[in-house]
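**Q** sequence first, then the predicted structure, then my questions.
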Amino acid sequence: MAVATPDQYAEMIDRAKAGKFAYPAVNVSSSQTAIAALQGFTEANSDGIIQVSFGGAEYLSGSTVKDRVAGSLALAEFVHAVAKNYPITIALHTDHCAKEVLPTWVEPLIEWDLENRVKKGLDPLFQSHMWDGSAVPVDENLEIAERLLEKSVEAKKLLEIEVGVVGGEEDGVAANVSNEKLFSTPEDGLKTAAKLGLGERGRYLTALTFGNVHGVYKPGNVKLRPKVLDDIQKVVGEKYGKDQPFDLVMHGGSGSTEEEISEALDYGTIKMNIDTDTQYAFTRP
């Protein structure tokens, strides 16, 4: 098989939504960890998503160079070359991209794919990118998301957004917020649908937060409330006449119980990020 085309990626998401399962989205930072992800998907007989953070992208360009665009493109070219030798289909994705990183990472990547691939009749190297606007007010978050969604559609990509705040730390960036900010609200969902539409202006993935925290914590320290997802889906769905209108993403899932994950899947989660657990496994004999 190979890296998914834009149509195949959409079909993957439709299949997950209908079957109430989520694709593992594994963060990688080297050719070695990318191969490990491909092998893991193959052994599980599962399609999946390979993704890279801005720190991983910088490392991939050379630890003293730290060119996150060059590192991202290098990873994508490598995965495209080797994925065809594995009997599964994967998508390529860039993980959390905060506002200050947009001009030097995701925006140039979208433009690169548009100019060097899509306008030449080729599919993009990356199938989706994440815009993480959790650090800015929700209205500003969605203003930027609207602009990025339009550009993503032009480049035949999907956009992932975050509405709410995932706690903990990723790539050295900590989310120091009060517990109530770790839960998205129905109002957040309604604002998102009003600003971005529900697919008619371009498909996007939504990371709603329900107590998720990046990293690993002692049992009981992280209080997940997956019902938050159901509440938002129902409120927005009732207004627009759609069942589970959002394609959801789960961040900060390390240490979650099987029951919590299963409940999140029931409410429309189709992508689950995996980073801390695989990093731990990689650093241990």
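**A** Here it is on my side, so go on.
**Q** just for this structure, where's the confidence low?
**A** Applying pLDDT under 70 to the chain picks out residues 165-181, 214-222.
**Q** assumed Thr206 was part of a strand.
**A** Yes - judged by DSSP: H, G, I helix; E, B strand; the rest coil, Thr206 forms part of a strand.
**Q** roughly how far does the nearest residue to it once chain neighbours are set aside sit from His93?
**A** The shortest distance from Thr206 to any residue other than its chain neighbours is 4.5 Å, reached at Phe246 (C-beta to C-beta, 6 or more residues apart in numbering). C-beta here means a position set from N, CA and C on the backbone, and glycine is covered the same way. Using C-beta to C-beta, to the nearest Å, Phe246 is found at 17 Å from His93.
**Q** cool, Tyr9 as well?
**A** Distance, Tyr9 to His93, by C-beta to C-beta: 10 Å.
**Q** Gln233 too?
**A** Distance of Gln233 to His93, computed by C-beta to C-beta: 22 Å.
**Q** among those two, which residue is more densely surrounded?
**A** His93 (25 against 22; other C-beta atoms under 10 Å).
**Q** mind listing what the more buried one touches?
**A** Contacts for His93 (C-beta atoms under 8 Å, 6 or more residues apart in numbering) come out as 25, 49-52, 126-130, 160.
**Q** what's across from it in the sheet?
**A** Beta bridges link His93 to Gln51, Ser128, judged by DSSP bridges.
**Q** can I assume the residue nearest to Thr206 is in contact with Ile232?
**A** Yes - contact criterion C-beta atoms under 8 Å: Phe246 and Ile232 qualify, at 7.3 Å.
**Q** so what touches stretch 255-268?
**A** Residues from elsewhere that reach stretch 255-268, judged by C-beta under 8 Å, 6+ apart: 17, 20-22, 210, 216-217, 219, 222, 224, 226-227, 229-230, 233, 244, 246-248, 250, 253, 272.
**Q** pull out the buried residues from that stretch.
**A** 255-256, 260-261, 263-265, 267-268 (16 or more other C-beta atoms under 10 Å).
**Q** and those residues, which of them are in helices?
**A** Per DSSP state H, helices hold the following members of the buried residues of stretch 255-268: 260-261, 263-265.
**Q** could the residues you listed be laid out in a markdown table, adding distance to Thr276?
**A** Output for those, formatted as a markdown table (distance: C-beta to C-beta, whole Å):
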| residue | distance to Thr276 |
| --- | --- |
| Glu260 | 16 |
| Ile261 | 15 |
| Glu263 | 21 |
| Ala264 | 17 |
| Leu265 | 20 |
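**Q** ok, which pair from those is furthest apart?
**A** For these, the maximum inter-member distance is 9.9 Å, found between Glu260 and Leu265 (C-beta to C-beta).
**Q** which one of the contacts of His93 sits closest to Thr42?
**A** When the contacts of His93 are compared for distance to Thr42 (C-beta to C-beta), Ile50 wins out at 12.6 Å.
**Q** and for that closest one, the neighbour number?
**A** Other residues within reach of Ile50, judged by other C-beta under 10 Å, total 23.
**Q** quick one: it and Pro285, what's the gap?
**A** Note on Ile50: its distance to Pro285, by C-beta to C-beta, is 24 Å.
**Q** over to Glu43?
**A** 20 Å.
**Q** ok, Gly189 - contacts?
**A** Contacts for Gly189 (C-beta under 8 Å, 6+ apart) come out as 163, 208, 232-233, 235-236, 246.
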